Each structure stands twice: as C-alpha cells, then as structure tokens.
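**Q** coords please:
(2 chains)
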Amino acid sequence: TQLLEQSPQFLSIQEGENLTVYCNSSSVFSSLQWYRQEPGEGPVLLVTVVTGGEVKKLKRLTFQFGDARKDSSLHITAAQPGDTGLYLCAGAGTGANNLFFGTGTRLTVIP
Amino acid sequence: EAGVTQSPTHLIKTRGQQATLRCSPISGHTSVYWYQQALGLGLQFLLWYDEGEERNRGNFPPRFSGRQFPNYSSELNVNALELEDSALYLCASSLLPGTGELFFGEGSRLTVL
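**A** This next block holds a predicted model:
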C-alpha cells in the first residue's frame, strides 16, 4: 500500500491569510492529483502534476510536485470562505492500477 | 454532458442485510472506480472495473463485490452488512485509466443500524 500523509489534518484560518498544505509519501508516483471535496459532494479534481519539480497555478492556488515525485504542496494565497473544504492529494503508482488518496486536510476559512 | 450519477443517495439497512449501490459513468468513460469514505477520513480504494472486467481490488473482505455492465455502468454489493460499513460510497469514472484523473459522483450514504 502506498501511503500518502497530509498535514495539517485540520486548518482554520481567517479570510485573507495564506496557507500551505503538504502531502508526503515514501513512494514515487507517476502523477499526483489534488482534489477538493465540499460537504455532500464528491471530490472535484483541481490539478494534475506529472514532472518532478513542476509548479502549476490555478488562480490563488499554487501546486508543486517534489523533485523526487514523492511529495507535493498546495499553497493558497489570500484564502476566501469559498476555499473551505476537504483537500485530498492522490497519487497514481508507477503501475497505475489505482489511485491512492491521502488522509485529507480539512480547511475552514472564517469570514 | 451528464456527470457521474449514483443511486440511491441514502440507504438505511440493518446488520446482516445486503446493500446494492449503482453508478452510471460519464458517457464515453469505460473505467469505474469505487471508494469508501468513512466519516472524517480519506478515501479507501475498493474496486476498479474497466471494459467489464475487475482490474484491481482494495483491501476489503469478499463480502464487498461488484460488477460492470456492457453499458459501463456498475454495481457495488455489500453482503452481511456490519455497523462499520456505514460510510459514503463514492463512484468515479475515468476516460484514461491510470492517469489519476477521476470524475466523482456525489456518493451514496449507507447507514447500517
């Protein structure tokens, strides 16, 4: 089993603050995805990173894939209440038979 | 274009009963994945079907089973329900298996009393 640990597990911040969520593993992944899940809904794909060291930006969200393709980070600038949700990282193994999900970070942005 | 649809939205069963959950993938997607999400926890991989065949299975007992139909829709069956089976069951479909880019339904919440 390829374990993906996310930190922090819970994060509560004020609107306008910046934050970073981490996703770490001892395994190498062929690609890594970040999803956001809101209450009562299924996860929604935010981004896919494939190349070690790759950085992708999605408006106020910045995603980075570690050089060794074992870890990733998600940085949110000037958080807004609409960013509230459960953030999940997920890694596709080299055999790519299935997707392993991280433990999740539950973010609350207080207006 | 319709997304992934799951039914029922909610299901209440008692211990020992059987539950059947259904999933229709996005049109054109041949891969269907099933995940279990217990309250407050991450997603645990259950089953992956592609082109009608079971391709991979997670670390769950045999009473969790399923199938994929010729139209690529899928069923998840849980026999001999136990209290700890209470969870949100998420189905996802993918156009390109193994890429990690999944499209999820809203889930079926199973409660076992």
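**Q** Show me what the most centrally placed residue in chain B bridges to in the sheet.
**A** Residue closest to the average C-alpha location in chain B (C-alpha atoms, centre = their mean): B:W34, at 3.2 Å. For B:W34, the beta-bridge partners under DSSP bridges are B:L47, B:C91.
**Q** Can you verify my assumption that it contacts B:L46?
**A** Yes. The criterion here is C-beta atoms under 8 Å, and B:W34 meets it with B:L46 at 4.1 Å. Any C-beta I mention is one placed from the backbone N, CA and C, and that applies to glycine too.
**Q** Please enumerate the shared neighbours of those two.
**A** B:66, B:76, B:89 (C-beta atoms under 8 Å, 6 or more residues apart in numbering or on different chains).
**Q** In a markdown table, list the residues you listed along with secondary structure, neighbour count and pLDDT.
**A** Converted to a markdown table, the shared contacts of B:W34 and B:L46 look like this (DSSP: H, G, I helix; E, B strand; the rest coil; neighbours: other C-beta atoms under 10 Å in any protein chain shown; pLDDT from 0 to 100):
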| residue | secondary structure | neighbour count | pLDDT |
| --- | --- | --- | --- |
| B:G66 | strand | 21 | 96 |
| B:L76 | strand | 24 | 98 |
| B:Y89 | strand | 23 | 97 |
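**Q** May I have stretch A:87-95 as CSV, with CA atoms only?
**A** Only the C-alpha atoms of stretch A:87-95 are listed here, as CSV (Å, rounded to 0.1, in the frame of the first residue of the first chain):
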residue,chain,number,x,y,z
TYR,A,87,-8.4,18.9,0.3
LEU,A,88,-7.2,15.5,-0.9
CYS,A,89,-4.0,14.6,-2.6
ALA,A,90,-3.9,11.4,-4.7
GLY,A,91,-1.1,9.5,-6.3
ALA,A,92,-1.0,7.2,-9.3
GLY,A,93,1.5,4.5,-8.8
THR,A,94,4.0,3.5,-11.5
GLY,A,95,1.9,0.5,-12.3
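**Q** buried sites along it?
**A** Across stretch A:87-95, burial judged by 16 or more other C-beta atoms under 10 Å in any protein chain shown covers A:87-93.
**Q** Give me the residues contacting that stretch.
**A** Applying C-beta under 8 Å, 6+ apart, the contact partners of stretch A:87-95 are A:2, A:4, A:6, A:21, A:23, A:25, A:27-37, A:43, A:72, A:74, A:99-102, A:104-107, B:42-43, B:98-100.
**Q** outside of the helix or strand bottoming out on mean pLDDT in chain A, which residues touch it?
**A** Sorted by mean pLDDT, DSSP states H and E, the helices and strands of chain A end with strand A:99-101, the least confident at a mean of 85. Residues external to strand A:99-101 that are found in contact with it (C-beta under 8 Å, 6+ apart): A:1-4, A:33, A:88-93, B:33, B:35, B:42-45, B:100, B:102.
**Q** about what we covered before: restrict the shared contacts of B:W34 and B:L46 to those near chain A?
**A** Among the shared contacts of B:W34 and B:L46, no residue sits close to chain A (C-beta under 8 Å from any C-beta of the partner chain).
**Q** Of those, just say which sits nearest to A:K57.
**A** Nearest to A:K57 among the shared contacts of B:W34 and B:L46: B:Y89, at 33.6 Å, using C-beta to C-beta.
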